[in-house]
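S.K.: Quick check, what structure comes out for this input:
(chains A and B)
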Amino acid sequence: MENEAGALSRVAGLFSARGYNIESLSVAPTEDPTLSRMTLVTVGSDEVVEQVTKQLNKLIEVVKIIDLSDGNHIERELMLVKMRAVGAEREEIKRLAEIFRGSIIDVTDKSYTIELTGTSEKLDAFLEATESNAVLETVRTGASGIGRGEWILKV
Amino acid sequence: MSAELTGAEITIRCLQEEGVNCIFGYPGGAVLFIYDELFKQDKVRHILVRHEQAAVHAADGYARSSNKVGVALVTSGPGVTNAVTGIATAYMDSIPMVVISGQVPTNAIGLDAFQEVDTVGITRPCVKHNFLVKDITELAHTIKKAFYIASTGRPGPVLVDIPKDVSQQKTKFVYPDKVTMRSYNPVTKGHAKQIKKALELILSAKRPVVYAGGGVILSDAAPQLTELVQTLNFPCTNTLMGLGGYPSTDKQSLGMLGMHGTYEANMAMQYCDVLIAVGARFDDRVIGNPKHFFNENRKIIHIDIDPSSISKRVRVDIPIVGDVLDVLKELIKLLKTEKDKPDHVALKEWWKQIDLWRERDCLKFDRKSKIIKPQMVIEKLFEITKGDAFITSDVGQHQMWAAQFYKFDRPRRWINSGGLGTMGFGMPAAMGVQLANPNGKVACITGEASIQMCIQELSTCKQYKLPLKIINLNNRYMGMVRQWQEFFHGNRYAESYMNALPDFVKLAESYGHIGIKIEKPEDVGDALKEAFKLKDQLVFMDFITDQSENVFPMVPGGKGLSEMILV
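M.R.: Predicted coordinates:
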């Protein structure tokens, strides 16, 4: 979409006005600074997704829409997790982070902050694998997606 | 090198370049520079309303009756919030309109300044698009875009918010010839293959119905619709927004369909085998309960310029996205070269069935009543104006009776708030209609509840000598609310009685108009004749009508089209 003030609120407003769900939304300018690219995750029946697509297309600032779930695609989300890390926990958390290919990016004598990238499911799995009372804080970006191979979204 | 102009000058110059010769508005702090420039020129006429809601409705009526873009000018803060009802009304009915609003200076935005509201935020859900112009060098281009977006594709209102300092700053004025936008390219032509498929289905139909909506009016396709329907000898029903798109007095017209549609139109919709929807959107007031609608099998062709209108409430078999005018022209062209003809034998049977439904005489009412029946007033109005008047209406029972009993033969003659259902629309819209059609006969059919929502505009009518004929069907109730309370709420008339009504005759007179009170059925015709003879005067006719009259047929909410309550 056009990288203009207010474009994001048009999208968000459309979803709330028409009662659609936004699971996650991630947006930033592209290599062409006049354009922003947004990855929006929603759930709904085929009919609802069709309406969502048509309604988004009607927004004047939306340039192009693709439904990534129509084809092979890759999606990644970034999560930062701050965990309590005292005594024996310190080694265990480090191991767990390695298993999930995360890296510890901030350390104090009581906590680790871990950076994790993957599909949303993988991030969920990481949180499930940890003791819930060890997690002090999490922040997630929401998914960003791109088509596989030759499937390119170009304006 | 051309001289530099202020933002205010540029705004007015843009309007001139767009060929706008009449705008509706109300001044205030944030738009004073723009008003100053209006004052200095005479190409753009400004009509001063008494409330911003009326400015937008008037611009709306102007647009609907002329197919030009309506323009309203309002100040920041309350100017804008008052305008919102009008903007939402235009949005729901897809009316091309540009609203220019003043905003507090850019350095005050966000500081809760005097008369500041987040205009772009408040209007976002009820405009086709809106702009806040923070940079003077983008002003002309933005206004050009606003007119382009408002009038192309599925039309709609576009708002341009101009901060006061921007209207004061200077820049070189260049008005672009045209705009291209990578993110906005409305389709016009329908897909040829789809049109071909549609024609095949049309020619195979045994029980067809053409269901035509406001899109026919908006795309100026009434002649093409009429030609197609008559060539095929198909029945045609119009939506509330589509009245006049096919001549109502023609024998192939089934009248209006929907919640208060005719028996024959609703039955034909329910039991047809091929439905050709043209510029209509299957809304809840039209097809009733969609599940019930699909108890019957039928194939649906849907022609609409807005892809999101297609398969929104009902699944369709042959969607055609395109301008109704273009698509109908294509269909007619194909039909002429087509060897196959419609199935005359089946059609004859179908018309026989329709005539049986017609015999139900669903719009009958007591013509011998000693109390004025509202339906009779509209019938007389139709007779006396020979069906040639511009009719605006407010919202409620009178609106439905107007739609049922005034037989519109031409497009852009029936002006009402169909989608949003805005009480208070009728009189200001009529002002716009009269200004767009100075020699036209303009009547506003209203009720004693609706008219009071914008009654202050009697003053505007006086100032600009607008000779509207106001038909006030006064039943001392919010009639439609009362009707629902009677049918669905055990006759408990909660807050629907209009107490403490003004003396409308005196009220009209106090604004310098003529008021007439009509209490007997035998006086209705004469009063109307008298009123239309007074060509230069606004005449407010207060008809004291039957309090208990209801609008029939009625499809109750949640029911199917064939489950009408009949009189």
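S.K.: can you list the residues of the stretch 151-300 of chain B near chain A?
M.R.: B:181-184 (Cβ under 8 Å from any Cβ of the partner chain). Glycine gets a C-beta too; all of them are placed from N, C-alpha and C.
S.K.: Save those as a markdown table, and put in secondary structure and pLDDT too.
M.R.: Output for those, formatted as a markdown table (DSSP: H, G, I helix; E, B strand; the rest coil; pLDDT from 0 to 100):
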| residue | secondary structure | pLDDT |
| --- | --- | --- |
| B:181 | strand | 95 |
| B:182 | coil | 94 |
| B:183 | coil | 93 |
| B:184 | strand | 95 |
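S.K.: I'd assumed residue B:321 was in contact with residue B:305.
M.R.: Yes. Using Cβ atoms under 8 Å, residue B:305 is in contact with residue B:321, at 6.9 Å.
S.K.: and these two? which has more neighbours close in?
M.R.: residue B:305 (27 against 21; other Cβ atoms under 10 Å in any protein chain shown).
S.K.: any idea how far residue B:153 is from the more buried one?
M.R.: 6 Å (Cβ to Cβ, to the nearest Å).
S.K.: Same question for residue B:556.
M.R.: Residue B:556 is 35 Å from residue B:153, by Cβ to Cβ.
S.K.: Residue B:262 too?
M.R.: Counting by Cβ to Cβ - residue B:262 and residue B:153 are separated by 32 Å.
S.K.: For these two, indicate the residue with more neighbours.
M.R.: A direct count of neighbours by other Cβ under 10 Å for residue B:262 and residue B:153 places residue B:262 higher, at 24 against 20.
S.K.: May I have the distance across stretch B:546-553, first residue to last?
M.R.: This stretch, stretch B:546-553, spans 18 Å end to end (Cα to Cα, to the nearest Å).
S.K.: And for that stretch, what's in contact with it?
M.R.: If you take Cβ atoms under 8 Å, 6 or more residues apart in numbering or on different chains as the criterion, stretch B:546-553 is touched by B:260-263, B:266, B:362-363, B:365, B:369, B:371-375, B:397, B:400-401, B:404, B:475-477, B:479-480, B:483, B:486-487, B:564-567.
S.K.: For it, buried residues please.
M.R.: B:546, B:549-553 (16 or more other Cβ atoms under 10 Å in any protein chain shown).
S.K.: who are the neighbours in contact with the closest residue to residue B:75 other than its chain neighbours?
M.R.: In space, and not counting its chain neighbours, residue B:75 is closest to residue B:28: 2.6 Å by Cβ to Cβ, 6 or more residues apart in numbering or on different chains. Residue B:28 sits next to B:74-77, B:79, B:102, B:115 when contact means Cβ under 8 Å, 6+ apart.
S.K.: Residue B:214 now?
M.R.: So residue B:214 contacts B:93-94, B:239, B:241-242, B:245, B:279-280, B:418 (Cβ under 8 Å, 6+ apart).
S.K.: In chain B, which residue sits closest to chain A?
M.R.: residue B:308 (3.7 Å; Cβ to the nearest Cβ).
S.K.: was I right about that residue contacting residue A:52?
M.R.: No. The criterion here is Cβ under 8 Å, and residue B:308 misses it with residue A:52 at 9.7 Å.
S.K.: When these two are compared, which one has more neighbours?
M.R.: The neighbour count for residue B:308 versus residue A:52, taken as other Cβ under 10 Å, is higher for residue A:52 (22 against 19).
S.K.: buried set for the strand or helix carrying that one?
M.R.: Element membership of residue A:52 [criterion: DSSP states H and E] is helix A:46-58. For helix A:46-58, a neighbour-count test (16+ other Cβ under 10 Å) marks A:49-56, A:58 as buried.
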